[in-house]
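1. predicted model follows, preceded by the sequence.
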Amino acid sequence: MPRFVFPQIIPEFLVFRQSLEGYEVIWAKDGREALEIFNEKEITLILLNWMLPVYDGLTVLRQIRQSSNVPIIMITARSQTSDISMALDQGLDDYITKPFEIEELLARIRVVLRRLGQEKAEKYDYKFGPFEINLLKHQFMVDGKRVHLTPKEFSLMVALIKEPGVVQTRDDLLNEIWGYDFDGQTNIVDVYIRALRNKLGKYRDLIKTVRGIGYVLGDEQ
């Protein structure tokens, strides 16, 4: 059964809960408890308030995005573009500003879940040599043991493992993972590849550098 986590719920959400028949809804009293629940259970979606006791919504978002791509929707009374942009840049899937109608929130949840369902219909397990990736669980395994990757490192590994033997240019990786409008350091791909290799231990050389072009997992075809 799909399982939702909602920290610090408000009274009108009692009606909202009735609209989620067929889903297990777990309330958390604050941001810390939301993280504890997330770490203990398999969660389908998280609905956050921006302002939460102990850990605020942005802190919870950052913590979760270190290890998971579980859908997250933020409820906020803040209308500042900078706040919303910051959260979206750090992996927020959607947001809704108070006051709002429950039906609008339900519609946003349906969109996010539909997107998740489309991802599930696609291939989400990839293996190459000692490496194994599960996209839904956001897990990366080396020799059957889980290795923690940051979101960007994970995205790099996904790009490489989807097409072993195919050279991925730096520009392609930059556009796919950081976006076409990225205006940061031009060597950011090299920096993250170096960090990724460091986590692969004795298998670090399976990510090969193609001088002047980019990177390839395994031998170039």
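-> Noted; the coordinates are in hand. Numbering: from 1, shown residues only.

2. return the helix or strand in this structure with minimum mean pLDDT.
-> Between all helices and strands in the chain, the lowest mean by mean pLDDT, DSSP states H and E belongs to helix 13-18, at a mean of 54.

3. domain parsing for the chain?
-> 3-121, 125-217 (automatic domain parsing).

4. ranking those domains by mean pLDDT, which is last?
-> Lowest mean pLDDT within the domains of the chain: domain 3-121, at a mean of 77.

5. so for the helix or strand harbouring Glu33, what gets flagged as buried?
-> When elements are defined using DSSP states H and E, Glu33 is found to belong to helix 31-40. Neighbour counts over helix 31-40 (16 or more other Cβ atoms under 10 Å) mark 31-35, 37-38 as buried. Every residue, glycine included, has its C-beta placed from N, CA and C.

6. closest to the centroid, which residue in this structure?
-> Note on the chain: the residue nearest the mean C-alpha position is Asn69, at 2.3 Å, using Cα atoms, centre = their mean.

7. which residues sit in contact with that residue?
-> By Cβ atoms under 8 Å, 6 or more residues apart in numbering, the contact set of Asn69 is 91, 135, 138, 151.

8. what number of residues are in the vicinity of the third one?
-> Going back to what we said before, that points to His138. Look at His138: counted by other Cβ atoms under 10 Å, it has 18 neighbours.

9. residue numbering should commence at 87 henceforth.
-> I'll keep to 87 as the first residue from here, and by that count the last item is His224.

10. what's Val197 sitting at in phi/psi?
-> Note on Val197: its backbone torsions stand at phi -60, psi -50 [degrees, to the nearest 10].

11. which residues touch the nearest residue to it once chain neighbours are set aside?
-> Nearest non-adjacent residue to Val197, counting by Cβ to Cβ, 6 or more residues apart in numbering: Asp180, 7.4 Å away. Contacts for Asp180 were tallied using Cβ under 8 Å, 6+ apart; they are 159-160, 194, 197-198.

12. straight-line length of stretch 175-191, end to end?
-> The straight-line separation of the ends of stretch 175-191 (Cα to Cα, to the nearest Å) is 21 Å.

13. quick one: the strands in this structure?
-> 89-93, 110-114, 131-135, 158-162, 180-183, 211-214, 217-220, 225-228, 231-232, 254-255, 293-296, 300-303 (DSSP state E).

14. and those strands: which comes nearest Val277?
-> strand 300-303 (12.6 Å; Cβ to Cβ).

15. and the closest one, what does it pack onto?
-> helix 237-248, strand 254-255, helix 256-259, helix 274-284, strand 293-296 (3 or more Cβ pairs under 8 Å, 6 or more residues apart in numbering; DSSP states H and E).
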